[in-house]
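I would like the atomic coordinates for the input below:
(one chain, ligands or ions: 2)
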Amino acid sequence: MLSAADNELLTRTGPDTPMGQFFRRFWQPVALSRELPENDGSPLKVNLLGEELVAFRSSDGVVGLVEARCPHRGANLYFGRNEDCAIRCVFHGWKFDREGKPLELPNVPPGTHYQQTVRLKAYPTREYGEMVWAYLGPDPWDRPLPDVPQLEFGAVPASHRFVTKKLQECNWAQSIEGALDTSHFSFLHMPAPHVPSNENEDAPADEKRLRWIRDDPLPRFSILEHEVGFVVGGARRADGDRRYWRSAQFALPSHSTTPSTLPGENHFGYTWVPIDDHNCWIYTYAWNPERPLTEDEVARFKRGHGVIAEVDEHFIPIRNRANEYLIDRQHQKHISFTGVRGVAEQDAMIQDSQGRIADRTREHLSASDAAIVRFRRAVIGGAKALVAGTEPAAAEKAAAYRLRSGSWMASEGTSFEQVMLERFGDMHGRVTQESYP
Ligand code: FES
Ligand SMILES: [Fe+2]
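Ligands and ions are numbered 1, 2, ... in the order given. Here you go, the predicted structure:
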């Protein structure tokens, strides 16, 4: 449970809010690179953290990101001209470079101070992992900036990854809480109760894994903190004295990786980017560190598969809030627990259903919510510390974001740290402390 004040602090990310300021200390994905396919091409509307922005790929290929409203009389620069590494308002021709400095103010008489005082708000960008990232923090043009977080999907060759995004129609925080709560798999993504584990065509895991997950709805959780967040592991009873471990990473302020990957399988991760307080983008990526993705895998990801939602050309999920995720009550009765097709869509339905902003003052947390408590402590604590003048150290530690998570079998009594070392070596994060909430 959170106080009403902490729920507000957690969920509000506009420019003048503590969490909004905290987010702005970290690089944020603002678009997929392929949404800006050509130099001097069409500008793109970008809504981010409550700000209305416009992105444009300049003549030299670098992406500019500026506020949408022209400082003359507020015309929208989305309708502007993308020309000569600058954006020009088509109302009266005011033209600005990528840093927001005026290059031409044709209707302003010479000798006025406008050349010195008029500025368009503008943010630096980088491209990493086929995404455009932006830095919305203070003084971005006047100092060296930290690197973009070196998430592993962006470091592998392009043939080894698939990158996309989807709209999520609720507040960012409850959506990432859904991902960090790996206990819900025992229900939300399961076959209907009377359907055997090996008779569900929608199931994203094999029969054994499904059976272990289904038969143990109370995994024992452990958390290992590291420099940029934490990794949570849930141990379930498996066959004999074996334990089936599933681990998920959280990295500040809003990245996570999924728990199901066994050795050799593809990894999946997400980055949540608030659009406003009622909607967010979930940038979603699949990668394989050892081999290129197969044509068949890429084709399936493009159609929507597992944690990758089926989306239209604007990245809006086909099964969404407005059409009740095309829930099929007969399917729910006879085949799957939810009646909704797709793991990503099942997650979206239930996260949206908590309300546009979940009311955390009325909840009753349980032992399986350990990672949620830790997540809130990390981001609320970080935002409060920033208000008190302490910058988040993780924002400067780009290399520490190269993290993995997934599944592993271990004998009873094996510690979570040992499980992670056996499974991932040093890729699980440099551990600073072990704790059992
Ligand atoms: S409103 Fe943009 S130049 Fe006039
Ligand atoms: Fe899920």
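
Listing partners with orientation, what would you give for the helix or strand Leu224 falls within?
Assigned by DSSP states H and E, Leu224 belongs to strand 220-226. Strand 220-226 pairs in its sheet with strand 229-237 (antiparallel), strand 431-435 (antiparallel), by DSSP bridges.

worst average pLDDT in those?
Ranked by mean pLDDT, the strands paired with strand 220-226 bottom out at strand 431-435, which scores a mean of 43.

hmm, back to that, what about dumping the CA coordinates of the strand holding Leu224 to CSV?
Extracted as CSV, the C-alpha positions of strand 220-226 are listed here (Å, rounded to 0.1, in the frame of the first residue of the first chain):
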residue,chain,number,x,y,z
ARG,A,220,9.8,-17.9,-3.0
PHE,A,221,11.3,-14.6,-4.0
SER,A,222,14.9,-13.3,-3.6
ILE,A,223,16.2,-10.0,-4.7
LEU,A,224,19.8,-9.0,-5.6
GLU,A,225,20.4,-5.3,-5.8
HIS,A,226,23.0,-3.9,-8.2
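
Show me which positions of the helix ranked longest in the chain end up buried.
Taking DSSP state H as the criterion, the chain has its longest helix at helix 370-387. For helix 370-387, a neighbour-count test (16 or more other CB atoms under 10 Å) marks 370-372, 374-376, 378-380, 382-383, 386 as buried. Just so you know, the C-beta spots here come from the backbone N, C-alpha and C atoms, and that holds for glycine as well.

what does stretch 102-120 give?
Those would be 102, 105, 108, 118, 120, for stretch 102-120 by 16+ other CB under 10 Å.

cool, and stretch 134-142?
134-137.

ok, now how distant is Lys384 from Glu104?
From Lys384 over to Glu104 the distance is 44 Å, taken as CB to CB, to the nearest Å.

let me redo that: Pro124
For Pro124, the distance to Glu104 - CB to CB - is 22 Å.

again with His305
Going from His305 to Glu104 by CB to CB gives 49 Å.

same thing with Glu177?
Using CB to CB, Glu177 is found at 48 Å from Glu104.

give me the beta-bridge partners of the closest residue to ligand 1 within the stretch 151-300 of the chain?
Closest residue of the stretch 151-300 of the chain to ligand 1, CB to the nearest ligand atom: Asp276 (24.3 Å). Beta-bridge partners for Asp276, by DSSP bridges, are Asn279.

okay, it: pLDDT?
Asp276 is given a pLDDT of 98.

Is the residue most central in space within the chain in a helix, a strand, or coil?
Closest residue to the average C-alpha location of the chain: Thr271 at 1.5 Å, with CA atoms, centre = their mean. Following DSSP: H, G, I helix; E, B strand; the rest coil, Thr271 is assigned to strand.

surely it meets Pro29?
Yes - under the criterion of CB atoms under 8 Å, Thr271 makes contact with Pro29 at 5.6 Å.

between those two, what contacts are shared?
Tyr283 (CB atoms under 8 Å, 6 or more residues apart in numbering).

residues in contact with stretch 287-297?
152-153, 156-157, 159-162, 264-267, 269, 286, 301, 404.

what sits against Ala383?
Counted by CB under 8 Å, 6+ apart, Ala383 has contacts 9, 18-19, 21-22.

What residues of stretch 284-298 count as buried?
Buried, per 16+ other CB under 10 Å, within stretch 284-298: 284-288, 293.

Export these to CSV and append columns for distance to ligand 1, secondary structure and pLDDT.
Shown next, in CSV, are these (distance: CB to the nearest ligand atom, whole Å; DSSP: H, G, I helix; E, B strand; the rest coil; pLDDT from 0 to 100):
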residue, distance to ligand 1, secondary structure, pLDDT
Thr284, 36, strand, 98
Tyr285, 37, strand, 98
Ala286, 42, strand, 98
Trp287, 42, strand, 97
Asn288, 47, coil, 95
Leu293, 45, coil, 98
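
ranges for the strands of the stretch 301-437 of the chain?
Counting by DSSP state E, counting those that start in this stretch, the segments of the stretch 301-437 of the chain that form strands are 407-411, 431-435.

and the first one, what does it pack onto?
Using 3 or more CB pairs under 8 Å, 6 or more residues apart in numbering; DSSP states H and E as the contact test, the elements touching strand 407-411 are strand 242-251, helix 416-424.
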